[in-house]
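Colleague: take a look and give me a structure for this.
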Amino acid sequence: MTTPNDFLDAVGNTPLIRLRQASELTGCEIYGKCEFMNPGGSVKDRAAKYLLLDALAAGKVEPGGIVVEGTAGNTGIGLTLAGNALGLRTLIVMPETQSEEKKSALRGMGADLRTYPAVPYKNPENYVHQARRLAESLQCEHGVFYANQWDNLSNREGHMRSTAPEIWAQLDGRIDGFTCAVGTGGTLAGLSLWMKDRRPDIVIAAADPDGAGVYSWVKEGDMRSSGSSITEGIGQNRVTGNLDGARIDDAFNIPDRELLPVLWDLIGNEGLYLGASSGINVAGAIRLAREMGPGHRIVTILCDSASRYESKLFNPDFLRDKDLPLPPWL
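Modeller: Below you'll find the predicted structure:
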């Protein structure tokens, strides 16, 4: 194994581990790709890496330039750290509803962080539109790059260049199903396109929280949503550029009351200190395993650490207010 030279070299090649309880519960072998072990702490380090490397290669920005992005947090963290390593400055735009842990981390890493009220994408004041307008208004002799993780295909192509072939090699191509939630769509779309080319009968499924429209889009062809979720960084209500053309076979709606007991089991019984999006992914893998039946191999993504959400996930008042189950140890 080669020694990484810098932050970008250290992104990827994460372990794939068997999830004991999910496997025993379903009679399948369910694996989690440990993306929380990337140097910036999440799967979004991969998107950040390829967004920046491709932009530099194309001459869209150069060292000393500015990277602007609208993000729920993790892509911003990846862009800031990778940008620091590449000599780029970052301006990050987030909804003010995101966790204080992510805001604090971004400021501590040196990002210029701007927060705005959380409003739907169709509202021109949505944080994504705010980021785009900020990028358009800035001037820098070394360039201003609007990363646009939503529609910039370097996102999903990065997963085709790294995540998908890694998983394939780790299981010697013996994989029957893959599922994960949709934020930008980059992970699910990239994995679906790469793996379907090699095994057309692999089952690709989306795991969707309440308040998101991907479930109805896959099942019925239109984006409709209801309810809300405590998850952050996932839950999409439009067909992004990265999601467009994804080869998705099925979808599962996973409410918070279903994902949280799975998450508590992962933390309390398997020692995996994960955020809520990982809970929804593993709950989706359990659903997919039950549909496919015993004896199959299914993979999902363990996105990031619970440490980025402690003020919500382990706040009894917050959970009780939403009538959600607490961790048994609280």
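
Colleague: what's the following helix or strand after the longest helix seen in the chain?
Modeller: Assignment by DSSP state H gives helix 276-292 as the longest helix of the chain. Read in the C-terminal direction, the helix or strand following helix 276-292 is strand 297-302, with elements assigned using DSSP states H and E.

Colleague: give me the distance from the following helix or strand past that next one to the chain's centre.
Modeller: Note on strand 297-302: by DSSP H and E, the next helix or strand toward the C-terminus is helix 310-313. On the basis of CA atoms, centre = their mean, to the nearest Å, helix 310-313 sits 18 Å off its chain's mean C-alpha point.

Colleague: now do helix 310-313: everything it contacts.
Modeller: Contacts of helix 310-313 from elsewhere in the structure, counted by CB atoms under 8 Å, 6 or more residues apart in numbering, are S99, E100, E101, I230, L263, G275, A276, A306, F318, L319, P327. Where you see a C-beta, it was placed from the backbone N, CA and C, and this is true even at glycine.

Colleague: only the buried residues of it, if you could.
Modeller: The neighbour-count criterion (16 or more other CB atoms under 10 Å) identifies K312, L313 as the buried residues of helix 310-313.

Colleague: likewise stretch 195-202?
Modeller: Neighbour-count burial for stretch 195-202, with 16+ other CB under 10 Å as criterion, is recorded at M195, K196, I202.

Colleague: so the most far-flung residue of the chain relative to its centre versus E62, what's the distance?
Modeller: Using CA atoms, centre = their mean, the residue of the chain lying farthest from its centre is E141. It sits 32.4 Å away. Using CB to CB, to the nearest Å, one gets 9 Å for the distance from E141 to E62.

Colleague: how about S216?
Modeller: Taking CB to CB as the measure, S216 falls 43 Å from E62.

Colleague: where does the stretch 1-150 of the chain dip in pLDDT?
Modeller: Of all residues in the stretch 1-150 of the chain, those with pLDDT under 70 make up the ranges 1-2.

Colleague: one more time with 90, if that's ok
Modeller: For the stretch 1-150 of the chain, the stretches with pLDDT under 90 are 1-5, 72-73.

Colleague: and the helices in it, which stretches?
Modeller: Counting by DSSP state H, counting those that start in this stretch, residue ranges of the helices within the stretch 1-150 of the chain are 7-10, 20-26, 44-57, 74-86, 100-109, 127-137.

Colleague: which of the ones you listed sits most buried?
Modeller: The highest mean neighbour count among those, using mean count of other CB atoms under 10 Å, belongs to helix 74-86: a mean of 26.

Colleague: restricting to C-alpha, output it in PDB.
Modeller: Backbone C-alpha positions of helix 74-86 (Å, rounded to 0.1, in the frame of the first residue of the first chain) are rendered in PDB as follows:
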ATOM      1  CA  ASN A  74     -19.800  18.000   4.600                       C
ATOM      2  CA  THR A  75     -18.900  19.000   1.000                       C
ATOM      3  CA  GLY A  76     -17.900  22.400   2.400                       C
ATOM      4  CA  ILE A  77     -15.600  20.700   4.800                       C
ATOM      5  CA  GLY A  78     -14.000  18.600   2.100                       C
ATOM      6  CA  LEU A  79     -13.700  21.500  -0.200                       C
ATOM      7  CA  THR A  80     -12.100  23.700   2.500                       C
ATOM      8  CA  LEU A  81      -9.500  21.100   3.500                       C
ATOM      9  CA  ALA A  82      -8.700  20.000   0.000                       C
ATOM     10  CA  GLY A  83      -8.600  23.700  -1.000                       C
ATOM     11  CA  ASN A  84      -6.200  24.500   1.800                       C
ATOM     12  CA  ALA A  85      -3.900  21.700   0.500                       C
ATOM     13  CA  LEU A  86      -4.200  23.100  -3.000                       C
END
